[in-house]
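1. Just the structure for this:
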Amino acid sequence: MNQYCTRCSSIIGQCFRLQILLCSFVCRCSSMVEQRFRKARVGGSIPLIGSINKHRLIYMSHFRGVLKNRNFFLLWLGQIISQLGDRLDQMALIAFVYIRAPGSTMEIAKILSFTIIPVFLIGPIAGVYVDRWDRRRTMYACDFLRSALVLSIPLFLFYSKSLIPIYLVIFIVFSIGRFFVPAKLSIIPDLVEKKDLLIANSLVNTTGMIAAILGFGISGVLVEWLGPKSGFYLDSLSFLFSGALIFFIIKKSSACMNLKKVSKEIVEVIRKSVFQEIREGTLYFIHKKDIRFTAGIIFILWSALGAVYVVLIVFVQKTLHSATKDLGLLIMFLGTGLFLGSLVYGKFGQRISHYKIIFASLFLSGIMLIVFALSLHSYPIFTTAAVLSLSLGLVISPIMIASNTIIHKVSDNAMMGKIFSSLEIVMHLGFLLFMFISSLLAERFSNLLILIIVGCVFSFLGVINLIYHRRISWLD
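-> Below is the predicted model of the structure:
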């Protein structure tokens, strides 16, 4: 027992130290840039290369100042821990299904669907409604509620014969999370000065992405080592710690929650706002061919992701003989590829048509998926799988970036929110639908065959569209 406690405390300490190192890393980068700048100013070997570098220097030098803001630092650290908690939740659920129904794609699809449904059922309500609540109170209330709900799984529901109570808890936890995200993004202007907004948002988004990517790897290892039950305990603890940090943010409350009034307003929001936005966004799709075309590409992409998501989880578990460790690390490498691909495309993407990039990425993604599946099936070596996951992330990343850029360029500003709300529904409906279709097919056909077929479809669509693209002038 003592050995188990020592292992737990050691792991938790490593996780927290890693998060604190992120802050240290940002500050150190800022110091290095300042030193190089001073050296250049006094006639050192590094020349000044213009005003752009001066602005970049000022931008970097403000990182440390923003992190010294107590309220913002508490929010920043809390959202990093919250990201780790979300990843722990997902990995614990996958491990839980692995124990209850090993190799069952349908059971994984069922349990994961309850983490996705709140995105388009609750998301539109939450986004409209968060502005009417005190954001700080909303955030710590969300974290404390999620902590208690997740804790109920290992305490009361872990050995339950029926999975329905667990489905319900998962749905509520991820529904609450839909209120947390817009509240987190909306509270930043209340915590920092206007001149620091760009730096603050950059820190939140960049370190949030890094924490999410690393979180998959850390969570996969933790859950594999300690078991899914301990994974739920750690997840509950992460939400509790995140909520405590946000609770200590000093901010004047702007609103009081009246439950009766809240329920009436939610009904009104659904009736007047959500359905109206969906209707207007749908009509806009019908009349704008470039948006309609791009939405079709996004639907295909997310349908394909849904088709391979659950199948790929079971495929990796069977070939590498691991419940979550290798899976979490492979997702971490995939996320790293997505991040690096975004940086590369952001720097060089303006030189090529967005549609050509999307079609080329579809083709390359299909090839990479086929190579990944065949390589892992023939040579189940983690190192090979990690390199291929990284490569897959690199070639997939331009698709969503280019698609979002097209939407930004061709949409009316007044319709932007409605379009992206409708797109989110389109994406997740495609994902859920094809996740269940592929799960049913996986009961009758091999996982390898399904992955190869999806890869072939991806590549075929990419090639056909690249050829057809030459004949349509408006796609340029």
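2. residue contacts, A183?
-> Neighbouring residues of A183 by C-beta atoms under 8 Å, 6 or more residues apart in numbering: 130, 133, 135, 138-139, 142. Any C-beta I mention is one placed from the backbone N, CA and C, and that applies to glycine too.
3. change it to 10 Å
-> 126-127, 129-131, 133-142, 246 (C-beta atoms under 10 Å, 6 or more residues apart in numbering).
4. For it, I want the exact helix or strand it lies within.
-> If you go by DSSP states H and E, A183 is part of helix 164-191.
5. and G227, what are its phi and psi?
-> Dihedral pair for G227: phi 100, psi 160, per degrees, to the nearest 10.
6. Distance check, it against I210.
-> Distance from G227 to I210, counting by C-beta to C-beta, to the nearest Å: 27 Å.
7. same check, this time on I166
-> With C-beta to C-beta as the criterion, I166 and I210 are 30 Å apart.
8. hang on, the earlier thing: and the contacts of A183, which of them are buried?
-> Among the contacts of A183, those scoring as buried are 126-127, 129-130, 133-142, 246 (criterion: 16 or more other C-beta atoms under 10 Å).
9. how about stretch 425-444 as CSV, C-alpha atoms only?
-> The C-alpha coordinates for stretch 425-444 follow below in CSV (Å, rounded to 0.1, in the frame of the first residue of the first chain):
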residue,chain,number,x,y,z
ILE,A,425,-23.1,20.5,-35.8
VAL,A,426,-22.3,19.2,-39.3
MET,A,427,-18.9,18.0,-38.1
HIS,A,428,-20.1,16.2,-35.0
LEU,A,429,-23.1,14.7,-36.7
GLY,A,430,-20.8,13.2,-39.4
PHE,A,431,-18.4,12.0,-36.7
LEU,A,432,-21.1,10.3,-34.6
LEU,A,433,-22.9,8.7,-37.6
PHE,A,434,-19.9,7.2,-39.1
MET,A,435,-18.4,6.2,-35.8
PHE,A,436,-21.4,3.9,-35.2
ILE,A,437,-21.5,2.7,-38.8
SER,A,438,-17.8,1.6,-38.6
SER,A,439,-18.3,0.1,-35.2
LEU,A,440,-21.1,-2.1,-36.6
LEU,A,441,-18.9,-3.1,-39.6
ALA,A,442,-16.0,-3.9,-37.2
GLU,A,443,-18.1,-6.6,-35.6
ARG,A,444,-18.1,-8.4,-39.0
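10. Could you tell me the average pLDDT over it, please?
-> Mean per-residue pLDDT for stretch 425-444: 90.
11. List the buried residues of it.
-> Neighbour-count burial for stretch 425-444 [16+ other C-beta under 10 Å]: 425-432, 434-436, 438-439, 441-442.
12. Now do the domain split for this protein, please.
-> 1-40+51-257, 262-476 (automatic domain parsing).
13. The helix or strand where L423 lies - contacts with which helices or strands?
-> Taking DSSP H and E as the definition, L423 sits inside helix 416-442. The contact analysis (3 or more C-beta pairs under 10 Å, 6 or more residues apart in numbering; DSSP states H and E) places helix 416-442 against helix 105-121, helix 123-129, helix 275-287, helix 289-320, helix 382-410, helix 447-469.
14. just to revisit the earlier point, considering the buried ones among the contacts of A183, which is situated nearest to D190?
-> R135 (6.9 Å; C-beta to C-beta).
15. Based on its surroundings, how many neighbours for the nearest residue to the closest one once chain neighbours are set aside?
-> For R135, ignoring the flanking residues on the chain, the nearest one in space by C-beta to C-beta, 6 or more residues apart in numbering is I187 at 4.1 Å. Residues within reach of I187, counting by other C-beta atoms under 10 Å, total 22.
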